[in-house]
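Asker: Got a predicted structure plus its sequence, pasted below:
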Amino acid sequence: MNLIDRISRQFEDSARAKLAAVEWLAAPVAEAVEAMTGCLLGNGKILACGNGGSAADAQHFAAELVNRFEIERPPLAAVALTTDTSVLTSIGNDYEFVQIFSKQVRALGQAGDVLLAISSSGNSPNVIAAIAAAHEREMRVVALTGKGGGKIAELLAQNDVHVCVPGDSTARIQEIHLLVLHCLCDGIDCLLLGVEN
């Protein structure tokens, strides 16, 4: 095995996947930027959830909004539902793991807020439950998925936004999800601050 060749192939595969996804994803990402910016301008907040690497992505996204992305600006209201170990473990212990996000959405979510629901497969039961709770609370959902969107694709309402990465490789989907999150942060900043280029 030649490690240099293998590593080079990973970089090349990632670059190809991202370039191939541009045409497919640009419009829904722009729609998600507009939905999130409208939410924030209306004094709403963005709640984010996911499992594993997607949990890290939810936290990364919330941090970029609350702190800053690349431009200095006031903090923006975003909460990762993946971070409070007492809440997560009490819900998981007293009820079931599938409710760890949905109970938080019911507690924290308000009409006009946005749920950022991240699932590489589109089939994460606790993310699906969070989407149902968001709809109950009259929240708009931005779903980041892959692999055709799974069950999440069937659950989204007409005014929700589905950013579904084409392809089946979990690694490539997660890499593109991170790029999408950076596009969301950049787009929100541009709309809020009037940045032209």
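Answerer: Noted; the coordinates are in hand. Numbers count the residues shown, from 1 in each chain.
Asker: pretty sure Ala30 is in a strand, no?
Answerer: No - secondary structure of Ala30 (DSSP: H, G, I helix; E, B strand; the rest coil): helix, not part of a strand.
Asker: Tell me the pLDDT of it.
Answerer: For Ala30, the model assigns a pLDDT of 98.
Asker: Give me the spatial nearest neighbour of it, chain neighbours excluded.
Answerer: Distances taken as C-beta to C-beta, 6 or more residues apart in numbering put Gly187 closest to Ala30, at 7.0 Å, once the chain neighbours are dropped. Quick note: C-beta positions are derived from backbone N, CA and C, even for glycine.
Asker: what number of residues lie near that neighbour?
Answerer: 19 (other C-beta atoms under 10 Å).
Asker: got the contact list for Asp84?
Answerer: If you count contacts by C-beta atoms under 8 Å, 6 or more residues apart in numbering, Asp84 has none.
Asker: What separation do you get for it and Cys49?
Answerer: Note on Asp84: its distance to Cys49, by C-beta to C-beta, to the nearest Å, is 12 Å.
Asker: in stretch 41-55, what's buried?
Answerer: For stretch 41-55, the neighbour count (16 or more other C-beta atoms under 10 Å) marks Gly44, Lys45, Ile46, Leu47, Ala48, Cys49, Gly50, Asn51, Gly53, Ser54, Ala55 as buried.
Asker: If you could redo that for stretch 93-105, that was the one I meant.
Answerer: Using 16+ other C-beta under 10 Å as the test for burial, stretch 93-105 gives Val98, Gln99, Ile100, Phe101, Ser102, Lys103, Gln104, Val105.
Asker: quick one: which of those is nearest Ala17?
Answerer: Distances from Ala17 to the buried residues of stretch 93-105, taken as C-beta to C-beta, are shortest for Phe101 (27.7 Å).
Asker: In space, what's closest to the closest one - neighbours in sequence excluded?
Answerer: Nearest to Phe101 is Ala130, by C-beta to C-beta, 6+ apart, at 3.8 Å.
Asker: which SSE is that neighbour in?
Answerer: Element membership of Ala130, judged by DSSP states H and E, is helix 125-136.
Asker: again, but for Val141
Answerer: Assigned by DSSP H and E, Val141 falls in strand 140-146.
Asker: Taking helix 125-136 as reference, get the angle to that strand.
Answerer: Orientation of strand 140-146 against helix 125-136 (axes from the mean of the first three to the mean of the last three C-alpha atoms, to 10 degrees) gives an angle of 160 degrees.
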